[in-house]
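**Student:** Sequence first, then the predicted structure, then my questions.
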Amino acid sequence: MGKATIGLVVLVVASVGGWYLLHSGGPAPDPSPPGPPHGTVWFEDVAEAAGVDFRHFDPATPQHLITETMGSGVGWIDYDADGWPDLFHVQDGPLPPAPGDPSKTHKLYRNNRDGTFTDVTARVGLDKAGFGMGCAVGDYDNDGFDDLVVTYLGGVSLFHNVADRTAPGGRRFKDVTDAAKLSNPHWGTSCAWADLDGDGLLDLYLCNYVEIDPTNPFTCKDPAKGLPISCNPTAYPHVVHRLFRNTGDGSFTDVTQSSGVGSVTAEAGLGVVILDLDGDGKPDIYAVNDLGPAYLFHNLGGMRFEEVALPAGVALGPGGERMAGMGVEAADLDGSGRPSLFVTNFQRLPNVLFLNRGNLRFDDASYPSGLGGPSVDRLKFGVCALDSDLDGNVDLAVANGHVNRAARQASGVSYAQEAQLFLGNGAGKFRDASETAGADFLKPRVGRGLARADYDHDGLPDLVLSAVGEPAVLLHNRTTTHNGWVSLELVGDGKKSNRNAVGAVVRVEWGGKSRHHCVIGGGSYLSANDRRLLLGLGEAPKLDAVTVRWPSGKVQVFRDLPARTRWRLTEGVATAETVNLPGR
């Protein structure tokens, strides 16, 4: 659980089933049980001890309907702007929904700043029932407080973060979907905020999956065994993804057709990431689809896009096969200074790595990178880029789990599967470190959503994982290392740049090395990461220079930022500000 909080004693008691945490008054040592050898990456599920009691509702039926397969997402949102990431879980539910049942609603857990969380769902207005899917976090009105969008089977909700001194943290959420003129009567999945037209306001991209009638579903059977299995998404009609432009008056305009996003062949969308892929200063949209070609919408300016995935080399997987694109991530994975794309894929197909060669040209490096081979025997969903050991190199964590509960009988594979952790060397090569990353990377789960944040501010990135029909998994990073780190919070001016600084490109230099990072929109599967950049420095005592290209195009340089410090970089302010967090 990290460093002890003054005023608490946390006793650790060993027992035959694990470790138990007992709290009492007075100062205390670190409550965590003994960890791995120094330098070994290690994660431990602490959800129960941290007070995160969310359990995903499993909508299982004897028919193994496609609606049972997708799970739901997770998101980190500092809703009260106290500097500590709070945790949001999207909930599935029965069909039709069961309003009034508190176990079938979303959950928001406020960060207590001591490694634990408190359920504040009802008190902040997020106790909404429905067949929830994904979420995205963004300050769409530039008021300094993050808002929340949630997708559903048959709908979308926009929750505006408003002041309420009677609510925990002085904030609550108001459902403004109708007033905002947001509507999506389809099966929405992942979504992402980004300023796509350069007006300083966040716009919303929303993936749609397949068209079904939940009141009259049809079933599929395994042709060899005759057992019920989830239908292939190609068995259903598809509908185009949606793009909504922020008008600046609290409402949105559907620009799906006028933007060019709606001009493509409809595919079953599951993951999306938005960032500048060709260095022209305009964010592009990469959306992955289930058993269909991926989309790469090149931003032409003026809220116009051209779909170029095939000539760019990112539409299909190795060998030209269609990917079952579930989750997606973007990061500089080879030290080239350009963001590459990583796509999670179906069982017996590899995870796919596209290295960015510049000018919207990508090369497949799935197998040469070491990411392809170890992933073939898993069905992959959520994915996060993170520097788990703070050595300055980007790693990848992946949540795994099959889509058919009858998978073992029907095809000889497991429904629940172990997550994976791939450690990068900074030059595009990775090794599977899952077997040594702690017992929770060896426990099979039906993994779906995955999101990262340093929720306890100990300088190490943590993970939260959602699993079908299972409790939440809060993976606390307990790696012991002397490596340094720096946390960067970027704040746009709220005029020419959005306050979240989504679209910013950051070049960091330390100890003779350099690396590029992006503040991206979307990523993973149905989930939302903490936007703050947590950068490992190895043994370097400081960042020598940080060069920020803001979404407005303005460039600023910040120099000599000491390690083990949290910094706020604000557009137009010449010096970096040290972030002193309350409650620590």
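**Tutor:** Received the coordinates, thanks. Residues are numbered from 1 along each chain as shown.
**Student:** surely His186 meets Gly154?
**Tutor:** Yes - contact criterion Cβ atoms under 8 Å: His186 and Gly154 qualify, at 7.2 Å. Any C-beta I mention is one placed from the backbone N, CA and C, and that applies to glycine too.
**Student:** Distance of Arg566 relative to Phe362?
**Tutor:** 34 Å (Cβ to Cβ, to the nearest Å).
**Student:** Hmm, I typed the wrong one, I wanted Thr253.
**Tutor:** Counting by Cβ to Cβ, the gap from Thr253 to Phe362 is 32 Å.
**Student:** In terms of packing, which of those two has more residues around it?
**Tutor:** Remark: of Thr253 and Phe362, Phe362 carries more neighbours, 20 against 14, as counted by other Cβ atoms under 10 Å.
**Student:** Okay, now the sheet partners of whichever strand or helix holds that one, with direction.
**Tutor:** Take DSSP states H and E as the rule and Phe362 turns out to sit in strand 361-364. Using DSSP bridges, strand 361-364 pairs in its sheet with strand 352-358 (antiparallel).
**Student:** now the strand it pairs with: how far from the chain's centre is it?
**Tutor:** Remark: strand 352-358 is offset 20 Å from the chain centroid, using Cα atoms, centre = their mean, to the nearest Å.
**Student:** cool, stretch 216-226 as well?
**Tutor:** With Cα atoms, centre = their mean, you get 32 Å for stretch 216-226.
**Student:** for stretch 202-209, same thing?
**Tutor:** Centre to centre, stretch against its chain (Cα atoms, centre = their mean), the figure for stretch 202-209 is 15 Å.
**Student:** From Gly83, how far off is Val486?
**Tutor:** 15 Å.
**Student:** And for His38?
**Tutor:** 29 Å.
**Student:** For the residue nearest to Val557 when sequence neighbours are not counted, grab the count of nearby residues.
**Tutor:** Closest residue in space to Val557, ignoring its immediate chain neighbours: Thr547 at 5.0 Å, by Cβ to Cβ, 6 or more residues apart in numbering. Using other Cβ under 10 Å, Thr547 is surrounded by 16 other residues.
**Student:** now do Ser552
**Tutor:** So Ser552, with other Cβ under 10 Å, has 21 neighbours.
**Student:** go on, His482?
**Tutor:** 9.
**Student:** check contacts around it.
**Tutor:** For His482, the contacting residues are Glu539, by Cβ atoms under 8 Å, 6 or more residues apart in numbering.
**Student:** quick one: it from Phe131, how far?
**Tutor:** For His482, the distance to Phe131 - Cβ to Cβ - is 47 Å.
**Student:** on that earlier part again, what about Val486 and Gly83, which has more around it?
**Tutor:** The residue with more neighbours, out of Val486 and Gly83, is Val486; 25 against 19, by other Cβ under 10 Å.
**Student:** And the strands in the stretch 351-500 of the chain?
**Tutor:** 352-358, 361-364, 380-386, 395-400, 420-424, 430-432, 447-453, 462-467, 473-477, 484-491 (DSSP state E, counting those that start in this stretch).
**Student:** now the stretch 151-300 of the chain
**Tutor:** Using DSSP E, counting those that start in this stretch, strands in the stretch 151-300 of the chain cover 155-163, 171-175, 188-194, 203-208, 220-221, 228-229, 242-246, 252-254, 269-275, 284-289, 295-301.
**Student:** can you redo those as TSV with distance to Gly572?
**Tutor:** TSV is the format used below for the strands of the stretch 151-300 of the chain (distance: least, Cβ to Cβ, whole Å):
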stretch	distance to Gly572
strand 155-163	24
strand 171-175	26
strand 188-194	21
strand 203-208	23
strand 220-221	57
strand 228-229	56
strand 242-246	22
strand 252-254	27
strand 269-275	22
strand 284-289	26
strand 295-301	24
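**Student:** could these be laid out in JSON lines, adding distance to Gly144 and mean pLDDT?
**Tutor:** What follows is the strands of the stretch 151-300 of the chain, written out as JSON lines (distance: least, Cβ to Cβ, whole Å; pLDDT from 0 to 100):
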{"stretch": "strand 155-163", "distance to Gly144": "9", "mean pLDDT": "98"}
{"stretch": "strand 171-175", "distance to Gly144": "11", "mean pLDDT": "98"}
{"stretch": "strand 188-194", "distance to Gly144": "15", "mean pLDDT": "98"}
{"stretch": "strand 203-208", "distance to Gly144": "19", "mean pLDDT": "98"}
{"stretch": "strand 220-221", "distance to Gly144": "49", "mean pLDDT": "86"}
{"stretch": "strand 228-229", "distance to Gly144": "48", "mean pLDDT": "83"}
{"stretch": "strand 242-246", "distance to Gly144": "16", "mean pLDDT": "98"}
{"stretch": "strand 252-254", "distance to Gly144": "20", "mean pLDDT": "98"}
{"stretch": "strand 269-275", "distance to Gly144": "22", "mean pLDDT": "98"}
{"stretch": "strand 284-289", "distance to Gly144": "26", "mean pLDDT": "98"}
{"stretch": "strand 295-301", "distance to Gly144": "27", "mean pLDDT": "98"}
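**Student:** Tell me the secondary structure of the residue nearest to Val557, please.
**Tutor:** When classified by DSSP: H, G, I helix; E, B strand; the rest coil, Thr547 comes out as strand.
**Student:** Give me the pLDDT for it.
**Tutor:** On pLDDT, Thr547 comes in at 98.
**Student:** His23 now?
**Tutor:** At His23, pLDDT is 32.
**Student:** before we move on, back to that, specify which residue of His186 and Gly154 has the higher count of neighbours.
**Tutor:** His186 (24 against 16).
**Student:** ok, what's across the strand from the residue nearest to the more buried one when sequence neighbours are not counted?
**Tutor:** Computed as Cβ to Cβ, 6+ apart, the closest residue to His186 that is not its neighbour in sequence is Asn208, at 4.5 Å. With DSSP bridges as the criterion, Asn208 is bridged to Gly188.
**Student:** same deal with Leu423?
**Tutor:** Arg431.
**Student:** That one contacts Ala397, correct?
**Tutor:** No - using Cβ under 8 Å as the test, Leu423 is too far from Ala397 to be in contact (10.1 Å).
**Student:** List the residues that are in contact with both of the two.
**Tutor:** Looking at what touches both Leu423 and Ala397 (by Cβ under 8 Å, 6+ apart), the common residues are Ser388.
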